[in-house]
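> Predicted model and sequence follow; I will ask about them next.
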Amino acid sequence: MRTSSRRTRRVIIGAVAAATLTAAAAGCSGGGNDNKTGGSSASSGSGGVTLPSLKGQKLEVAAVWTGPEQKNFLKVINEFEKRTGASVSFVPTGDNVSTFLGSKIEGGQPPDVAFLPQVGVLRQFAAKGWLKPVDSSVQAQLDKNFSKGWVDLGAYQGKQYGVYAKAANKSLVWYNTSAFETAGLSSTPTTWADFLKTAQTLFESGTPAVSVGGADGWTLTDWFENIYLSQAGPAKYDQLAAHKIKWTDASVKQALTTLAQLFGNKDLIAGGQSGALNTDFPKSVTQTFTGNPPKAAMVYEGDFVGSFIKDNTSAKVGTNAKVFPFPAVGSGKAPVVSGGDVGVALKSSKGAQAFLTFLASPDAAKVWASSGGFVSPNKSLALSAYPDEVSKAIAKALVAAGDDFRFDMSDQAPAAFGGTAGKGEWADLQTFLKNPSDISGTQSKLEADAAKAYAG
């Protein structure tokens, strides 16, 4: 869920995303050839990708996904097996993806394909010679189905290594419509000031306002990034992402001060600060959409929240569970930060390249999208593949943005700072959530950890 070329750090900001998502909030397994022998088979879905026969071959695919995300991805694997005759096993990496894969590679037993949630890891692995460049079949699908920005995200020093098959719009606030109705709220906030007022109204109605998954540090980096991007602006965002300005900069102080307006008010957070620190991401979602009354009225996170709602609650996305864009902060624009998972080959094999070719096709995206909680930057995927109006609106905004997006800041950082549980930014922001009044101390710790990681 964390998830970029420093050259392509842009964001979907502006009217098209905000208007589309606001409209959705107000209003609201792909078929294929069953040839078991693998032969050369063309899909029946849009794109008609041709895959080679891989009968008798075994592949390993590694990724961080668990629960519903893993379940939905296994449908993609099953479709690939049917079309090629290959046998594919899924290998869970755990949150420390770079450490897990690094040990496998150094031990001479890497998986054939892996999904990297941080572009910084793609660069590190490519620099070490651990990644295999894509072949012409993969490149043809990329050029046909993706904007240049998404293609460039999977490249390093002029060579193409990856396929961004799974993206995320990480600037969404999901809300329980019943909780809003009980509080007498008929509209959703568009500014940070209004967001805090809405949160206070929800608290006064008897429902804690916001569910924060603080046990997973990556959710806290996403909170910070949205506020920082909107408040400080894209230029500063780029500089901080590349560590060209320090975390002790005044712009960081301003963003943390703004975030403390929420994190420092225990009345507005389900369970207060201690409760938030003991709530992981899945629980932060489910407790917002279960119970009467629920334990929280709103939860911030990306479009992938939809799959957790669908698989773990009785709420219906678009009816009981709706979404609005992350509010604009101060005089800034409403931010939309994008994330994504990039598929890369760690072995020089026909099967690995075939799997990446499939991932780059609309056929694989169609299978994946049908289950919900998934958004693809694949512009050849028909919106009809998505199961609900909210997902369609999110996907439409993402594709319509073309190359105009910015990528998750922590995922651009070295993994030691932006992508490791219990370390760096994840740990530092958990400490901040515990004590939101210590802004200068948080800045100092962030800068010390960032300096060490970027120097390494």
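Ah, there it is. Numbering: from 1, shown residues only.
> Apart from its neighbours in sequence, what residue is nearest L262?
Once flanking residues are discounted, L262 sits nearest to L268: 6.0 Å by C-beta to C-beta, 6 or more residues apart in numbering. Backbone N, C-alpha and C define where each C-beta goes, glycine included.
> got the contact list for that neighbour?
By C-beta atoms under 8 Å, 6 or more residues apart in numbering, the contact set of L268 is 196, 199-200, 203, 208-210, 262.
> tell me which element G332 is part of?
Under DSSP states H and E, no helix or strand contains G332.
> which residues touch the closest residue to P208 other than its chain neighbours?
In this structure, P208 finds its nearest non-sequential neighbour in A270, 4.1 Å apart by C-beta to C-beta, 6+ apart. By C-beta under 8 Å, 6+ apart, A270 lies in contact with 208-212, 276, 279, 287, 295-296.
> try D112
D112 sits in contact with 59-61, 345-347, 349, 351-352, 355, where contact means C-beta under 8 Å, 6+ apart.
> Okay, and which of those residues map to helices?
Mapping the contacts of D112 onto helices (DSSP state H) picks out 351-352, 355.
> which phi and psi does the residue nearest to L262 have?
phi -90, psi -10 (degrees, to the nearest 10).
> Use 3 as the first number for this chain going forward.
Done: numbering now begins at 3, and the last item shifts to L270.
> sorry, back to before: dump the ones in helices among the contacts of D114 into a markdown table; add neighbour count and pLDDT as well.
A markdown table is the format used below for these (neighbours: other C-beta atoms under 10 Å; pLDDT from 0 to 100):
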| residue | neighbour count | pLDDT |
| --- | --- | --- |
| G353 | 23 | 97 |
| A354 | 25 | 98 |
| F357 | 28 | 98 |
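> Narrow the contacts of A272 to those in strands?
If you go by DSSP state E, these have 212-213 in strands.
> What is the nearest of the contacts of A272 to A181?
Among those, A298 lies closest to A181 (C-beta to C-beta), at 8.0 Å.
> Nearest residue to that closest one in space, please, no chain neighbours.
S213 (3.5 Å).
> quick one, what contacts the one you found?
Contacts of S213 by C-beta under 8 Å, 6+ apart are 271-272, 278, 281, 286-287, 289-290, 297-298, 300-301.
> If burial is judged by neighbour count, which of those residues pass?
Neighbour-count burial (16 or more other C-beta atoms under 10 Å) applied to these gives 271-272, 278, 281, 286-287, 289-290, 297-298, 300-301.
> In this structure G215 contacts T290, no?
No. G215 lies out of contact with T290 (C-beta atoms under 8 Å); the separation is 10.3 Å.
> Now do the shared contacts for these two.
Shared contacts of G215 and T290 (C-beta under 8 Å, 6+ apart): V301.
> rewinding a little: adding pLDDT and distance to D97, write the contacts of A272 out as CSV.
Below are the contacts of A272 laid out as CSV (pLDDT from 0 to 100; distance: C-beta to C-beta, whole Å):
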residue, pLDDT, distance to D97
P210, 95, 27
A211, 98, 28
V212, 98, 23
S213, 98, 20
V214, 98, 18
A278, 98, 18
T281, 98, 16
Q289, 97, 21
K297, 96, 24
A298, 98, 23
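> per-residue confidence at N178?
Model confidence at N178, given as pLDDT, is 98.
> in terms of contact, does it touch T290 like I think?
Yes. N178 is within contact range of T290, at 5.7 Å (criterion: C-beta under 8 Å).
> Need the residues touching each of those two.
Joint contacts of N178 and T290 (C-beta under 8 Å, 6+ apart) are 296, 298-300.
> I'd assumed S89 was in contact with G353.
No. At 9.7 Å, G353 does not count as touching S89 under the criterion of C-beta under 8 Å.
> where do the contact lists of the two overlap?
Common contacts of G353 and S89 (C-beta under 8 Å, 6+ apart): 59, 61.
> Would you agree K77 is in contact with V369?
Yes. Look at K77 against V369 with C-beta under 8 Å: they come within range, at 5.4 Å.
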